[in-house]
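Chemist: This is a predicted model, with the sequence first.
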2 protein chains.
Amino acid sequence: MSKQDLPVIDVTANDASACCAPLVCEPLNAAEAEELAPLFKAIGDPVRLRLLSLIACHEGGEACVCDLTAAFDLTAPTISHHLKVLKQAGLIDSERRGTWVYYWINPGVLARLSALLGPRAVAMAGTP
Amino acid sequence: MSKQDLPVIDVTANDASACCAPLVCEPLNAAEAEELAPLFKAIGDPVRLRLLSLIACHEGGEACVCDLTAAFDLTAPTISHHLKVLKQAGLIDSERRGTWVYYWINPGVLARLSALLGPRAVAMAGTP
DNA sequence: TCGCTAACTAGATGTCTGTCAAATTAGAGA
DNA sequence: TCTCTAATTTGACAGACATCTAGTTAGCGA
């Protein structure tokens, strides 16, 4: 991942006319929008956004449901529901290990969304 | 609210965690999530995501409502509603010019969201 | 095997949201 | 002034959603 060959572009210089931002390059057609919107919708909830953040920041890049539940004033089923939404959107993945279930982020998807909004072609870095 | 004593802040630099790889740096607290989630929610609808894209791609960086409405199979009030949602989220802005109303993107907000999701410091503006 | 705990599913409920038809506001021109 | 068009607001309604309680599944240890 050489940062070097990426052009250095000041994000602040990005006004709408600057082109080359995915969103700003060519308008999304209906099908693309239909495919992408659910991803944003998934993180368009405070609880889920925070869940995502908590998972991403957790050591090892993964977090146990019990840790996550403890961070909210919500019941376990509710947290479970939100995790399911994130997972179905493809933003996170999970695995059971003994008694506990661990969740981790799917970084490629996040990178894709970032690139879409981003002022520059950030990188398809994430996608292998 | 006196607008005048507000410091001029580059929105792109004004992100919640003010540092680098937002989501992945330090977990968002509840307040931050509560503030940011509505932005993602706003683009979490296929119609609005496409509206945003259409506006961004339109020549001159702005688009007339009539152009936008024509691109969908929806009634004008519905488009109007979605534009209002985007505007209230701060993602777009508008101005009436004679008979027509023009909308344009607020690029700073988009950049902020991109940076938040961005993997490695999507180019945090300042760092050359 | 029996309990105990972690996590999820199912069902119910009140709220939010996307959409439309109808009514309203704002300019432009005759 | 009156009329036409662009755009928004209002009100209504069906469908989606966040949350809860209660019940269920899965693994661990005695």
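Modeler: Here it is on my side, so go on.
Chemist: Next, residue A:63: secondary structure please.
Modeler: Under DSSP: H, G, I helix; E, B strand; the rest coil, the three-state class of residue A:63 is strand.
Chemist: Show me what it bridges to in the sheet.
Modeler: Beta-bridge partners recorded for residue A:63 (DSSP bridges): residue A:103.
Chemist: What strand or helix carries the most centrally placed residue in chain A?
Modeler: In chain A, the centroid-proximal residue (CA atoms, centre = their mean) is residue A:110; its distance is 3.3 Å. Per DSSP states H and E, residue A:110 falls inside helix A:107-117.
Chemist: got the angle for that helix vs helix B:107-117?
Modeler: Put simply, helix A:107-117 runs at 170 degrees to helix B:107-117, going by axes from the mean of the first three to the mean of the last three CA atoms, to 10 degrees.
Chemist: Residues of chain A that sit close to DNA strand D?
Modeler: Residues of chain A found near DNA strand D (CB under 7 Å from any atom of the strand) are A:41, A:45, A:47, A:73-75, A:77-78, A:81-82, A:85, A:96, A:98-99. Where C-beta positions appear, they are placed from N, C-alpha and C, glycine not excepted.
Chemist: check whether the helix holding residue A:110 contacts chain B.
Modeler: Yes. Using CB under 8 Å from any CB of the partner chain, helix A:107-117 reaches chain B at A:107, A:110, A:111, A:113, A:114, A:115, A:116, A:117.
Chemist: how close does the last one sit to DNA strand C?
Modeler: Here residue A:117 is placed at a distance of 18 Å from DNA strand C (CB to the nearest atom of the strand, to the nearest Å).
Chemist: what's the closest non-adjacent residue to that residue?
Modeler: Closest residue in space to residue A:117, ignoring its immediate chain neighbours: residue B:114 at 3.9 Å, by CB to CB, 6 or more residues apart in numbering or on different chains.
Chemist: right, and the one you found touches residue A:114 too?
Modeler: Yes. Look at residue B:114 against residue A:114 with CB atoms under 8 Å: they come within range, at 4.9 Å.
Chemist: So between these two, which is more surrounded?
Modeler: Taking other CB atoms under 10 Å in any protein chain shown, residue B:114 and residue A:114 do not tie; residue B:114 has more neighbours (27 against 24).
Chemist: Quick check: residue A:88 vs DNA strand C, distance?
Modeler: From residue A:88 across to DNA strand C, the span is 10 Å (CB to the nearest atom of the strand).
Chemist: Counting neighbours, what do you get for that residue?
Modeler: Residue A:88: 11 neighbours (other CB under 10 Å).
Chemist: quick one: the helices in chain A?
Modeler: With DSSP state H as the definition, chain A shows helices at residue ranges A:22-25, A:30-42, A:46-57, A:65-70, A:76-88, A:107-117.
Chemist: From chain B, how far off is residue A:62?
Modeler: With distances taken as CB to the nearest CB, to the nearest Å, residue A:62 is found 13 Å from chain B.
Chemist: Name all residues that make contact with that residue.
Modeler: For residue A:62, the contact set (CB atoms under 8 Å, 6 or more residues apart in numbering or on different chains) comprises A:55, A:102, A:103, A:104.
Chemist: what do you get if the cut-off is 10 Å, keeping everything else the same?
Modeler: A:55, A:56, A:92, A:93, A:94, A:95, A:97, A:102, A:103, A:104, A:105 (CB atoms under 10 Å, 6 or more residues apart in numbering or on different chains).
Chemist: for DNA strand C, what are the nearby residues on chain A?
Modeler: A:64-66, A:69, A:76-77, A:79-81, A:83-84, A:94, A:99-101.
Chemist: returning to what we had before: which two from the residues of helix A:107-117 next to chain B end up farthest apart in space?
Modeler: Pairwise distances across these (CB to CB) peak at 15.9 Å, for the pair A:107 and A:117.
Chemist: neighbour count winner among these two?
Modeler: Neighbours were tallied for residue A:107 and for residue A:117 using other CB under 10 Å; the higher tally belongs to residue A:117 (27 against 18).
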